[in-house]
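S.K.: structure here, sequence nowhere to be found:
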């Protein structure tokens, strides 16, 4: 059965819109969490925190979508943990990956508002490492798409 090209383009646009809405929702939740640290009267959720969190979420979306594109072109997921999720479909993959992202963002939030210098100076490392690994995987996936 052939699928019309307009349907495929429309489906890609709706996935992109849903991804952007999820990113906007995440940013709104971050802003509502606890914008002021009671101890130092400094903002915990500032531009740097939002940038690091957005980087993590956007690279996660890029990794997921490029992986599905590779699978669509005849490839397969090589990660044994993620393989069953990719067979289950997008909702399962997004739920698992955004659950991990939410945990990392919450952890970095708690580290940033901590009274200990070691934590509030290194809060950005976890989202950057995970985001960079997603970006690298998305980049590697492009080898098979184009």
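M.R.: The structure has been received and is ready for your questions. Treat the numbers as computed from the prediction; the structure is a model and nothing was measured.
S.K.: C-alpha from now on. contacts and neighbour counts both.
M.R.: OK.
S.K.: chain neighbours aside, what residue packs nearest to residue 68?
M.R.: Leaving aside its chain neighbours, residue 68 sits nearest to residue 86 (7.7 Å; criterion: Cα to Cα, 6 or more residues apart in numbering).
S.K.: could you say which helix or strand holds that neighbour?
M.R.: helix 83-88 (DSSP states H and E).
S.K.: same deal with residue 58?
M.R.: Going by DSSP H and E, residue 58 is in helix 47-72.
S.K.: list the buried ones in that helix?
M.R.: For helix 47-72, the neighbour count (16 or more other Cα atoms under 10 Å) marks 49-50, 52-71 as buried.
S.K.: name the next helix or strand downstream of the host helix or strand of residue 109, please.
M.R.: Per DSSP H and E: residue 109 is located in helix 90-113. Remark: after helix 90-113, the chain's next helix or strand is helix 117-120, criterion DSSP H and E.
S.K.: now the helix or strand that that following helix is followed by against helix 90-113, angle please.
M.R.: Once helix 117-120 ends, the next helix or strand along the chain (criterion: DSSP H and E) is helix 125-145. Counting by axes from the mean of the first three to the mean of the last three Cα atoms, to 10 degrees, helix 125-145 lies at 150 degrees to helix 90-113.
S.K.: and the contacts of helix 125-145?
M.R.: 52-53, 55-57, 59-60, 62-64, 66-67, 69-70, 73, 75, 101, 104-105, 108 (Cα atoms under 8 Å, 6 or more residues apart in numbering).
S.K.: can you rerun that using 10 Å?
M.R.: Helix 125-145 has contacts (Cα atoms under 10 Å, 6 or more residues apart in numbering) with 49, 52-75, 100-101, 103-105, 107-108.
S.K.: and the angle from the helix holding residue 58 to helix 90-113?
M.R.: For helix 47-72 against helix 90-113, the angle between stretch directions is 160 degrees (the same axes, to 10 degrees).
S.K.: just the pLDDT at the residue positioned nearest the centre of the chain, thanks.
M.R.: Ranked by distance to the mean C-alpha position of the chain (Cα atoms, centre = their mean), the top residue is residue 57 at 2.4 Å. Residue 57 carries a pLDDT value of 97.
S.K.: I figured it hits residue 97, correct?
M.R.: Yes. The pair residue 57 and residue 97 qualifies as a contact (Cα atoms under 10 Å) at a distance of 9.1 Å.
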